[in-house]
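> after the sequence you'll find the predicted model.
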Amino acid sequence: MQPKVKKTWKQVDGVLLLDKPQGMTSNDALQKARRLFSAAKGGHTGTLDPMATGLLPLCFGEATKFSADLLDADKTYEAVLKLGVTTDSGDAEGRVVATAPVEVTRARVLEVLPRFSGDIQQVPPMHSALKRDGRPLYELARKGIEVEREPRAVSIHAIECLAFEGDSVTLRVSCSKGTYIRVLAADIGQALGCGAHLIALRRTRVGDLDLNGALTLTALDAIDEPDRVLHLSPVDALLQSLYRVDLAEAEAQRFSHGNPVPLPAGLAGKVRVYTEQRLIGVGEPGLGGLLWPKRLVQLAG
């Protein structure tokens, strides 16, 4: 028997735009990608349900320091709803709890959708990772236990009907963090009077990132390992919404050692900080009207 070769991990810094396959958890996708890069450190920027496909930005090395920034980012999805069937989870993985005839036209769908645009209230599903008394709701749901959930405010920035055919509706939804598309599907089905559940979901955008240039795990595996890093976006791909500040070398030295520097006039809120085209971290205005370091990076090489 061949002796097992111990995996050698290395520092890899950057962001992978992964096109996650259906049927895989976000963490499984992360671990597979991390092994393909031999990356010592990795994280994701918010989960996709196993049923969902599409954009899952993965962070390696120093990029993990900014992964939480995308948790608050807006997202865009393409969702397929099956009308006439309601499930307990709001998606195809749940148990059918009701059926109804579908007597719905495209015009009726277009009439209903504006009700779900703008600031709306959603009741989180029982089949979710939200916790009650320290236990995820999905654990209670699996035991047939349902507890009261407070509605939450979410924002639907845009909702568009891409296709309508019989008992199937395809929507494009741009929304705020915390939006449950399967709850949206169920609520639209209720408004149409026939019920509905989510049968397919694809995320196409997270913040400023989209599927353009995203890779599948299969495509990544087919690339020689030394060349895989060429398909990583830089660490600051997660920071493009922040204003950019460039510092001279002396100020950059102070900043990179955790010390404040003079604040450029007119700046407010977090900024990304560079010197000689190199990202050195994120700063924020603070005491003394100065720019204070919040997170610093130490890039390999």
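Perfect, I can see it now.
> residue 209 bridge partners, please.
Here residue 209 sits in beta bridges with residue 206, going by DSSP bridges.
> okay, now it: neighbour count?
Using other CB atoms under 10 Å, residue 209 has 21 other residues around it. Where you see a C-beta, it was placed from the backbone N, CA and C, and this is true even at glycine.
> can you check residue 107 too?
9.
> so what's the closest residue to residue 43 other than its chain neighbours up against?
In space, and not counting its chain neighbours, residue 43 is closest to residue 64: 4.4 Å by CB to CB, 6 or more residues apart in numbering. By CB atoms under 8 Å, 6 or more residues apart in numbering, residue 64 lies in contact with 41, 42, 43.
> which of the residues you listed has the most neighbours?
Within those, residue 42 tops the neighbour count with 20 neighbours, counted by other CB under 10 Å.
> so that residue makes contact with residue 36?
No - if you go by CB atoms under 8 Å, residue 42 and residue 36 don't touch, sitting 10.6 Å apart.
> how about the strands of the stretch 201-301 of the chain, start to end?
In the stretch 201-301 of the chain, the strands defined using DSSP state E, counting those that start in this stretch lie at 209-210, 243-246, 261-262, 271-275, 278-286, 290-296.
> tell me the most buried of those?
For the strands of the stretch 201-301 of the chain, average neighbour numbers computed from mean count of other CB atoms under 10 Å are highest in strand 271-275, which has a mean of 21.
> got the contact list for it?
With CB under 8 Å, 6+ apart, strand 271-275 has contacts from 236, 239, 242-249, 251-252, 255, 279-284, 291, 293.
> again with stretch 182-189
Around stretch 182-189, the neighbours that count as contacts under CB under 8 Å, 6+ apart are 79, 81, 83, 86, 89-91, 112-113, 116, 122-125, 156, 169, 173, 195-198, 201.
> make a ChimeraX selection of the buried ones in these.
Those of the contacts of stretch 182-189 that count as buried under 16 or more other CB atoms under 10 Å are selected in ChimeraX with:
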select :79,81,83,86,89,90,91,112,113,116,122,124,125,156,169,173,195,196,197,198,201
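> mind listing which of the contacts of stretch 182-189 are in helices?
Per DSSP state H, helices hold the following members of the contacts of stretch 182-189: residue 112.
> what sits against the residue most central in space within the chain?
Geometric centre of the chain, nearest residue: residue 46, 4.5 Å, by CA atoms, centre = their mean. Counting by CB under 8 Å, 6+ apart, residue 46 touches 26, 70, 71, 177, 206.
> what's the most distant pair in those residues?
Pairwise distances across the contacts of residue 46 (CB to CB) peak at 15.3 Å, for the pair 26 and 177.
> so where's the stretch 51-200 of the chain shaky on pLDDT?
Counting by pLDDT under 70, the stretch 51-200 of the chain contains low-confidence ranges at 125-149.
> can you mark which positions in the longest strand anywhere in the chain are buried?
Longest strand of the chain, by residue count under DSSP state E: strand 152-165. For strand 152-165, the neighbour count (16+ other CB under 10 Å) marks 154, 156, 159, 164 as buried.
> in a markdown table: those residues, plus distance to residue 264.
Formatted as a markdown table, the buried residues of strand 152-165 follow (distance: CB to CB, whole Å):
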| residue | distance to residue 264 |
| --- | --- |
| 154 | 35 |
| 156 | 36 |
| 159 | 39 |
| 164 | 51 |
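> the longest strand of the chain - contacts with which helices or strands?
If you count contacts as 3 or more CB pairs under 8 Å, 6 or more residues apart in numbering; DSSP states H and E, strand 152-165 packs onto helix 106-112, strand 118-122, strand 168-175.
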